[in-house]
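> what would the 3D arrangement of this be:
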Amino acid sequence: MGNQRIFLWGALALLLWMNYQAWMVDHAVKAPPASSMSQANAPTASGGPVPQARLGDAVPALDKAAQPVPAPEVAAAANSAAANADTIHVVTDVLDVDIALLGGELVRADLPKYPLHKDRPNVPVRLFDNTSASSMFVLQSGLAGTDPAAAPDHHARFTAASQEYRLANGEAQILVPLTWTDAAGITVTKTFVFGRGRYQVELRYDVRNTSSHDWQAASFAQLLRHSPPVDRSMFNVESYSFRGPAVYDGEKYRKLKLTDDKDKTFAASITGGWLAALQHHFVAAVVPAAGQSYRYSLQVQGDDFLLSARGPTQRVAAGADGHFTETLFFVPKLQAQLDKAGPELDRTADYGRLTIIAKPLFTVLSWIHGVIGNWGWAIVFTTIFIKAAFYWLSQKSGRSMAKMRNLAPRMKALQERYKDNKEQLGREMLELYKKEKVNPAAGCLPMLVQIPFFLAFYWVLLESVEMRQAPFGLWIQDLSARDPFYVLPILNGLAMFGQYKLNPTPPDPVQAKVFMLMPIFMTFTFAWFPSGLVLYWVTNTVLSIAQQWNINRVVMAESGKKT
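Presented below is the predicted three-dimensional model:
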């Protein structure tokens, strides 16, 4: 018994220490991280900086090996040119994008329908950004040839007929063509196709070969991002979402960790797959042309990664035309759109190992939202649905706990009688359980069966962008943010205390005190969680209380009849 007490007090102390550590991590003053860009220009022995190539200067070669990064002086010239590159501004009803004429890179992508913060609706979420090394995230694309100077890769200079394209009322789509030509008679038109209400962008290359010789090239697309490691904190549940590169190889979805030696050198030939850069609620992805084998690769340099896909080499005969296509996405993880966009692309709404359970739960949640039009009430009714689905399992668990509660006075009497003889106490308690047909472990299995479903629903609420900044009512105007007045966490703590009082009191007084302190600890913990998650937990706890109260009443009545 003494060892059990030490364990319980130690566990509570550990939980309190974890809270304290998380608080210190979140609120400590942090030094600005050194970017890999600045480290790339480390001083030489003589004191002068040595310019080094950026990771994004690499161009996929036509064979399976990656083309070496250009020499430092070439990279420096490219960096200087990129800094002064002209951009084309493209605006649709859901996207606000800048495309650089140097390389046709997507260097900025804002999502006007998704404010960064709800109280600042004019500041949208920004995915692509090349304004600084610490925020670097761009999508590079082009055609790679045997001679870099004779192919429009992401270092080539394009021209455009206009510097701004806007989707007008009544238009279904707009085409943004960029043109590149060389002195030998090769003309390439690189066209971005934007559609109304779509975060999907079609990328087309139309090649016209008016030269006297055949020309060959392969299309490629690559995501370049600065992605420093994220410190996980229980006060910031978003920090538990995966941030980094991911691929789908036609059969399996795989997240690539920049700290894993095997993942850092990932390379594979893939047909029917896609590549992506993930973050909480949003994703940028490239879906290559269907039915063609692409060479995927990941390169890592410090905190930067370059995830590439290079297609098969195509030959364009003299006097003929050639065509290449890819599909680009820079989207919120709206599963209705992702389902249609690419094979298994909805996996980027990452529910982890519980995806097989989480997907049906999200379907139910979405259906309920479609009926009542409020995500908060959808959470409440989905929680009710889950409780109803496990009603009979919970009933069995609850009856076991109710019987244990009725036996509490007799168990306490046995403890007093045999307090100096632990072995005899154990035998007497087993005899009491046998006589009253009570199995102390009977309440555990039904609870264990339910745990994966409740954890899956937790991840649905955490990962689904549909709940982002969604209002519930009254003071809860953002289900993805903390309760501003801590009402829900306090209600949750009170509900947990009520649940504790309904359940049988542990025979050990130390255990009883630890369980009594648990609602206080959980109130403090849940105060930092998004209100949607706390709403789910409050609803579940209140439903559990109602069910257990009814079970206790029925079992008490049955016990009275027997006596």
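
> rest of the way, CA atoms for contacts and neighbours
Fine.

> quick one: the strands in the stretch 201-350 of the chain?
Along the stretch 201-350 of the chain, counting by DSSP state E, counting those that start in this stretch, strands occupy 215-226, 244-248, 253-255, 267-271, 274-279, 282-288, 293-301, 304-310, 314-316, 321-332.

> same list (those strands) but as CSV, adding distance to residue 539, mean pLDDT and mean neighbour count.
Shown next, in CSV, are those (distance: least, CA to CA, whole Å; pLDDT from 0 to 100; neighbours: other CA atoms under 10 Å):
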stretch, distance to residue 539, mean pLDDT, mean neighbour count
strand 215-226, 40, 95, 25
strand 244-248, 34, 96, 23
strand 253-255, 33, 93, 17
strand 267-271, 45, 95, 18
strand 274-279, 29, 96, 25
strand 282-288, 28, 95, 24
strand 293-301, 44, 95, 21
strand 304-310, 42, 96, 26
strand 314-316, 59, 94, 16
strand 321-332, 28, 93, 20
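
> residue 105: which of those is closest?
Closest approach to residue 105 among the strands of the stretch 201-350 of the chain is made by strand 215-226 (9.8 Å; CA to CA).

> partner strands of that closest one, parallel or antiparallel?
Applying DSSP bridges, strand 215-226 is found paired with strand 137-145 (antiparallel), strand 304-310 (antiparallel), strand 314-316 (antiparallel).

> so which of those is nearest residue 421?
Taking CA to CA, strand 304-310 is the member of those nearest to residue 421, at 65.2 Å.

> C-alpha coordinates for the closest one, CSV please?
Below are the C-alpha coordinates for strand 304-310, written out as CSV (Å, rounded to 0.1, in the frame of the first residue of the first chain):
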residue,chain,number,x,y,z
ASP,A,304,15.7,24.0,-44.8
PHE,A,305,14.3,21.2,-47.0
LEU,A,306,13.7,20.8,-50.7
LEU,A,307,11.1,18.2,-51.7
SER,A,308,11.2,17.5,-55.5
ALA,A,309,9.4,15.5,-58.1
ARG,A,310,10.9,15.2,-61.6
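
> any idea of the angle it forms with strand 293-301?
Strand 304-310 runs at 170 degrees relative to strand 293-301, counting by axes from the mean of the first three to the mean of the last three CA atoms, to 10 degrees.

> and the pLDDT for residue 120?
Residue 120 is assigned 86 on the pLDDT scale.

> I'd like to know how far it sits from residue 472.
19 Å (CA to CA, to the nearest Å).

> ok, now residue 380?
The value you get for residue 380 to residue 472, if CA to CA is used, is 11 Å.

> what does residue 178 give?
45 Å.

> which one's the longest helix in this protein?
Ranked by number of residues, the top helix in the chain under DSSP state H is helix 531-562.

> what residues sit buried inside it?
Buried residues in helix 531-562, counting neighbours by 16 or more other CA atoms under 10 Å, are found at 531-545, 547-552, 555.

> quick check: residue 201 touching residue 176?
No. Using CA atoms under 8 Å, residue 201 is not in contact with residue 176, being 10.6 Å away.

> and the angle from the helix or strand harbouring residue 110 to strand 137-145?
If you go by DSSP states H and E, residue 110 is part of strand 106-117. If you take the same axes, to 10 degrees, strand 106-117 sits at 160 degrees to strand 137-145.

> can you name the next helix or strand after strand 106-117?
Where DSSP H and E defines the elements, the next helix or strand beyond strand 106-117 is strand 120-129.

> now that next one, how far from the centre of its chain.
Centroid displacement of strand 120-129 relative to its chain, using CA atoms, centre = their mean, to the nearest Å, is 18 Å.

> what about the helices in the protein?
Counting by DSSP H, the chain has helices at residues 2-27, 36-40, 72-83, 261-264, 335-341, 355-372, 375-389, 391-417, 422-435, 444-463, 487-502, 509-526, 531-562.

> more neighbours, residue 120 and residue 472?
residue 472 (20 against 9; other CA atoms under 10 Å).

> how about low-confidence regions in the stretch 351-500 of the chain?
Along the stretch 351-500 of the chain, segments meeting pLDDT under 70 span 397-398, 400, 402-406, 408, 436-447.

> ok, so what distance separates the residue nearest to residue 219 when sequence neighbours are not counted from residue 56?
When the adjacent residues along the chain are set aside, residue 219 lies closest to residue 143, with 4.4 Å between them (CA to CA, 6 or more residues apart in numbering). Computed as CA to CA, the residue 143 to residue 56 distance reads 15 Å.

> who's more crowded, the two?
Neighbour totals were compared for residue 143 and residue 56, and residue 143 leads with 27 against 22 (other CA under 10 Å).

> against residue 343, how distant is residue 254?
Taken as CA to CA, the span from residue 254 to residue 343 is 14 Å.

> ignore what I typed, I meant residue 175.
25 Å.

> contact partners for the residue lying closest to residue 527 once chain neighbours are set aside?
Leaving aside its chain neighbours, residue 527 sits nearest to residue 489 (5.3 Å; criterion: CA to CA, 6+ apart). Residues in contact with residue 489 (CA atoms under 8 Å, 6 or more residues apart in numbering) are 483, 523, 524, 526, 527, 534.

> any of those residues buried? List them.
483, 523, 524, 526, 527, 534.

> how near is the second one to residue 548?
The reference is to residue 523. 21 Å.

> one more: the fifth one?
To residue 548, residue 527 is 26 Å away according to CA to CA.

> ditto for the last one
For residue 534, the distance to residue 548 (CA to CA) stands at 21 Å.

> rewinding a little: now the strand holding residue 110: mean pLDDT?
The average pLDDT within strand 106-117 is 94.

> residue 490 contacts residue 522, doesn't it?
No. Residue 490 lies out of contact with residue 522 (CA under 8 Å); the separation is 9.3 Å.

> between the two, which one's more packed in?
Between residue 490 and residue 522, residue 490 has the larger neighbour count (other CA under 10 Å), namely 20 against 16.

> let me see the contact set for the closest residue to the more buried one other than its chain neighbours.
In space, and not counting its chain neighbours, residue 490 is closest to residue 523: 5.9 Å by CA to CA, 6+ apart. For residue 523, the contact set (CA under 8 Å, 6+ apart) comprises 489, 490, 492, 493.

> how about residue 335?
Residue 335 makes contacts with 346, 349, as judged by CA under 8 Å, 6+ apart.

> what about it, distance to residue 534?
Taking CA to CA, one finds residue 335 at 23 Å from residue 534.

> check residue 498 too.
17 Å.

> how about residue 193?
With distances taken as CA to CA, residue 193 is found 42 Å from residue 534.

> and if you look at residue 54?
Per CA to CA, residue 54 is found 44 Å from residue 534.

> swap in residue 461?
Per CA to CA, residue 461 is found 10 Å from residue 534.

> do the same with residue 166
Residue 166 sits 42 Å away from residue 534, going by CA to CA.

> returning to that earlier point: residue 433: which of the contacts of residue 489 is nearest?
For the contacts of residue 489, the nearest to residue 433 is residue 523 (34.8 Å; CA to CA).

> what does the pLDDT read for that closest one?
Here, the pLDDT recorded for residue 523 equals 87.

> so residue 245 touches residue 279, yeah?
No. With contact taken as CA under 8 Å, residue 245 and residue 279 are classed as non-touching, separated by 9.2 Å.
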